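S.K.: Just to be clear, the model below is a prediction. Sequence and coordinates:
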Amino acid sequence: MTRRTTSDEERKLFEQTFKEGRPIRAVAPKKAAAKKAAGSGPSGINGATQERLRRGMVEPDARIDLHGMTQQAAHRTLFAWLATAHARGHRLVLVITGKGNPRNDENAPWMMSPHGVLKQMVPRWLNEPGRR
């Protein structure tokens with residue numbers, strides 16, 4: 001197999017292009033990979049942890065059930081419990097709020113809402129300023 005020799009014209013073109021220091025073809029910048037929805041909600045859980053939770057591969061360090069509590073009692077209990085869980089070094093906790101109180105009174109305030117009061121209020125409480 002014999003090597004082809006370059007002509008003077010090819011050599012000059014190469015040297016000129018090399019001196020210009022720009023690519024022969026425009027190189028499109030690579031797009032950043034799309035991030036998973038890290039905060040697919042106000043939970044603050046990253047995508048990988050959220051996926052492992054969804055698949056049942058990770059267990060919460062602690063859990064609290066607020067069923068049957070009034071809004072005021074649930075607020076006090078939740079924040080006292082969260083302070084204790086934080087002091088113990090728990091990083092992942094589960095807060096169970098329930099579905100609300102399904103009484104027969106259709107004009108009751110909790111029946112006007114598609115979700116229970118605690119299910120609505122707990123995320124609000126956790127997102128209040130000074131709670132992080």
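M.R.: Right, received. Where do you want to start? Numbering: from 1, shown residues only.
S.K.: Please enumerate the strands of the protein.
M.R.: Taking DSSP state E, the strands of the chain run over residues 62-65, 93-96.
S.K.: So which residues make contact with the last one?
M.R.: By CB atoms under 8 Å, 6 or more residues apart in numbering, the list of residues contacting strand 93-96 from outside reads 60, 61, 62, 63, 64, 65, 66, 67, 78, 82, 85, 122. For glycine as for every other residue, the C-beta is placed from the backbone atoms N, C-alpha and C.
S.K.: what ranges do the helices span in the protein?
M.R.: Under the criterion DSSP state H, helices of the chain are mapped to 8-20, 47-54, 71-87, 109-112, 117-126.
S.K.: Could you say which of these is packed most deeply?
M.R.: Most buried of the helices of the chain, by mean neighbour count (mean count of other CB atoms under 10 Å): helix 117-126, with a mean of 17.
S.K.: Just want the angle from that one to helix 71-87.
M.R.: Between helix 117-126 and helix 71-87, the angle comes out at 50 degrees (axes from the mean of the first three to the mean of the last three CA atoms, to 10 degrees).
S.K.: Please work out the average pLDDT along helix 117-126.
M.R.: Averaging pLDDT along helix 117-126 gives 88.
S.K.: picking that back up, which of the strands of the chain comes out lowest on mean pLDDT?
M.R.: Mean pLDDT, when computed for each of those, is lowest for strand 93-96, at a mean of 90.
S.K.: still on that earlier bit, same list, the strands of the chain, but as TSV with distance to residue 71 and mean neighbour count please.
M.R.: Output for these, formatted as TSV (distance: least, CB to CB, whole Å; neighbours: other CB atoms under 10 Å):
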stretch	distance to residue 71	mean neighbour count
strand 62-65	15	15
strand 93-96	14	14
